[in-house]
Structure formats: C-alpha cells, structure tokens
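J.: Here you go, sequence then predicted model.
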Amino acid sequence: MTHAPDQDPVEGTPLIAPSSVDHPLHEQAVEACRSVYDPEIPVNIYDLGLIYTIAITSENDVSVKMSLTAPGCPVAGEMPGWVHEAISGVGGVRNVDVALVWEPPWGMEMMSDEARLELGFM
C-alpha cells in the first residue's frame with residue numbers, strides 16, 4: 001500500500017491537522033507566532049516549522065499544536081507559554097490553548113526556505 005509521506009499509512013489522515021487558513025485572524029496568529037524565537041536559533045518558531053497547526057473556531061478560540069526541535073530543548077517548559085502570550089495579544093482572540101506534541105517529530109525539512117537561508121542550509 002502506498003501513501004503520501006505526510007499521512008498516516010493506516011488511517012490515511014494527515015499527521016498534522018490543517019490550520020484555519022481562511023479565518024480572518026489566521027494571519028495575525030501566524031505573525032504572533034513569528035514574534036517568538038527559540039533562544040538558541042536566530043529564526044522564529046513559525047519559520048522553523050515548530051508550529052504544526054493553528055485552528056481557530058468561529059468564536060475566535062485558538063488552538064495551537066506545536067513541537068520543539070528536540071524533546072530536551074532547554075526552553076521546553078517555557079516556549080508554549082510564550083506562544084500563548086503572543087497569540088493572546090491578537091485583537092479579537094477569545095481563548096488560546098497551546099499543546100506540545102511530538103508526532104510527527106520535527107525535522108529540518110519543516111523549515112521555511114527563509115529559515116534555511118538564514119541558517120545557511122541553502
């Protein structure tokens with residue numbers, strides 16, 4: 001059986017849930033995530049590919065699924081709070097929930113071209 005690499009081979013469902021890209025607050029939530037940096041890497045966490053999903057309900061509740069470059073990341077306990085704080089500052093957002101997930105594991109292929117260029121990988 002063949003499957004797309006970003007889908008679960010058994011279920012056929014995406015490993016990373018889709019974001020609410022059509023929601024009016026989506027771009028502002030993305031920009032808020034871009035204001036958060038991993039202190040060890042000079043690139044924001046959105047362009048690093050650490051933000052997996054930004055889901056926004058019709059009531060403007062935001063649910064973020066994010067990962068870290070490694071489980072032993074020194075700011076593992078703090079970074080979800082930084083994301084929560086950044087998105088909470090977006091006008092119109094009612095509630096924010098940030099969940100740290102480890103599946104799928106983060107990989108360098110998740111970085112944006114801008115992040116790869118900044119880090120010298122392009």
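T.: Received it, and whenever you're ready, just let me know what you need.

J.: any idea how far the spatially closest residue to Ala70 that is not a sequence neighbour lies from Ala55?
T.: Nearest residue to Ala70, sequence neighbours excluded (CB to CB, 6 or more residues apart in numbering): Trp106, at 7.8 Å. No exception for glycine: its C-beta is placed from N, CA and C like everyone else's. To Ala55, Trp106 is 19 Å away according to CB to CB, to the nearest Å.

J.: So those two - more neighbours on which side?
T.: Neighbour count, other CB atoms under 10 Å: between Trp106 and Ala55, Trp106 has more, with 20 against 17.

J.: Go ahead and confirm Pro80 touches Val98.
T.: Yes: between Pro80 and Val98 a contact is recorded at 4.3 Å, counting by CB atoms under 8 Å.

J.: Which residues are in contact with each of the two?
T.: Taking CB atoms under 8 Å, 6 or more residues apart in numbering as the criterion, Pro80 and Val98 both touch Met66.

J.: So which residue is dead centre in the chain?
T.: Note on the chain: the residue nearest the mean C-alpha position is Ile51, at 0.6 Å, using CA atoms, centre = their mean.

J.: Bridged to that one, which residues?
T.: Met66 (DSSP bridges).

J.: Equivalent analysis for the one 10 residues further on, please.
T.: For Asp61, the beta-bridge assignment (DSSP bridges) gives partners Asn95.

J.: got the CA coordinates for the helix or strand bottoming out on mean pLDDT in the chain in PDB?
T.: Every helix and strand of the chain was ranked by mean pLDDT, DSSP states H and E. The lowest is helix 113-118, at a mean of 91. Output of helix 113-118 as PDB, limited to C-alpha atoms (Å, rounded to 0.1, in the frame of the first residue of the first chain):
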ATOM      1  CA  ASP A 113      13.000  28.500   2.800                       C
ATOM      2  CA  GLU A 114      13.700  31.700   4.700                       C
ATOM      3  CA  ALA A 115      14.700  29.800   7.800                       C
ATOM      4  CA  ARG A 116      17.000  27.500   5.700                       C
ATOM      5  CA  LEU A 117      18.600  30.500   4.100                       C
ATOM      6  CA  GLU A 118      19.100  32.300   7.400                       C
END
